[in-house]
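> Provide a 3D model corresponding to the input given below.
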Amino acid sequence: MMCQESVNESVLSLRAVCEKFWGCMGRDRVESTRFAVAVDAFIGVLDVLGGVGFIELVKGDMKCNMEKIDRSCRRWGVHTLEEMVMEELRHGQHDEAGSGTEALLWLKRTLQFIVRLFYYLSNLDDSSLSDCAAKAYEETVRPCHNFILQAMFHAAIASLPSRESFMQDLGGASSALTSIQQLRDSIEWVLGSIVKFYSLNSLENASTCLSMASS
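Residues are numbered from 1 along each chain as shown. Predicted structure coming up:
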C-alpha cells in the first residue's frame, strides 16, 4: 500500500495524463506528436494498476507499437495518425508487418481493453480487479490473440492485486473511481476517432474487435 504522498502523486499523475489525451485532437484528426506524449505519459502511470507481469506485458506492447508509429510518421513526414495511415494505404504498405497502420491497430486494441477495464471497475462494485480485467479482455483483445498470447495475457491478469489495494493506492474508492472515470473519458475522446477511422477504411481485420466497447 502506498503512503499518502505517493497516493497524491498517483492521482496528480493520472490527471496530467487526462490533460494530455484531451489535447491530442486537432480538426478531427489525432496529432501524432501529442498522441505519443499522451501514450508515453499513460505508460508511465500504469504501475498504479500493480501486478508486475501484467504491467510489463502491457507496457512493452504499447512502447513497441508507439515506436513503429513514430517511425512511420517521420518516414512520411506527416503530423497526424490519419495522414500516416493514408500514406501507407497509398503505397500499399498498410498491411505489412511493422507498419504504422498495424502498430496503431494493436495500440488501439490495447486502449480499448484499458477503457473497458475502467468501465467494469466503475460499474461492477463486487468484482475483483482481475475479474474486471478478464471480462474486459474477453470483449476486446482476446479474439485478436492467438492461443499463446491468450495464455500469456491470462497469466498476466492473474498477477493483478486486489481491488481494495488498487483503490487504496488511489486514495480510496471514491477518489479512485473519479480518477479512472476521468482517464477513461479522456482516452475515449481520442480512441473513438481512431476506431471510427479504422472502421470507415475497413482496416480492422477482426470483426469482433471492430467497435470500441461502450458503456
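> farthest residue from the center of this protein?
Largest separation from the mean C-alpha position in the chain: His91, at 27.9 Å (C-alpha atoms, centre = their mean).
> Glu67 versus that one, what's the distance?
20 Å (C-beta to C-beta, to the nearest Å). To be clear about C-beta, it is placed using only N, CA and C from the backbone, and glycine gets the same treatment.
> Check what pLDDT Asn146 gets.
Asn146 carries a pLDDT value of 90.
> Over to the one 10 residues further on?
Ala156 carries a pLDDT value of 89.
> Lys59 is in contact with that one, correct?
No. Because the distance of 10.9 Å does not satisfy C-beta atoms under 8 Å, Ala156 is recorded as not touching Lys59.
> ok, the two, which is more surrounded?
Neighbours were counted for Ala156 and for Lys59 using other C-beta atoms under 10 Å; Ala156 has more, 19 against 15.
> Mind giving me the packing neighbours of the helix or strand encompassing that one?
Per DSSP states H and E, Ala156 falls inside helix 147-158. In this structure, helix 147-158 makes packing contacts with helix 52-76, helix 129-139, judged by 3 or more C-beta pairs under 8 Å, 6 or more residues apart in numbering; DSSP states H and E.
> Could you check the angle the first one makes with helix 147-158?
Using axes from the mean of the first three to the mean of the last three C-alpha atoms, to 10 degrees, one finds that helix 52-76 and helix 147-158 are set 120 degrees apart in direction.
> buried stuff in helix 52-76?
54-55, 57-58, 61-62, 65-66, 68-70, 72-73, 76 (16 or more other C-beta atoms under 10 Å).
> Quick one: mean pLDDT for stretch 122-135?
92.
> quick one: terminal-to-terminal distance for it?
Using C-alpha to C-alpha, to the nearest Å, the end-to-end distance of stretch 122-135 comes to 13 Å.
> how far out from the middle of the chain is that stretch?
Distance of stretch 122-135 from the chain centroid (C-alpha atoms, centre = their mean, to the nearest Å) equals 17 Å.
> still on that earlier bit, would you reformat the helices and strands packed on helix 147-158 as JSON lines and include distance to Val190?
Formatted as JSON lines, these follow (distance: least, C-beta to C-beta, whole Å):
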{"stretch": "helix 52-76", "distance to Val190": "13"}
{"stretch": "helix 129-139", "distance to Val190": "18"}
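> tell me the pLDDT at Met86?
So, for Met86, pLDDT stands at 97.
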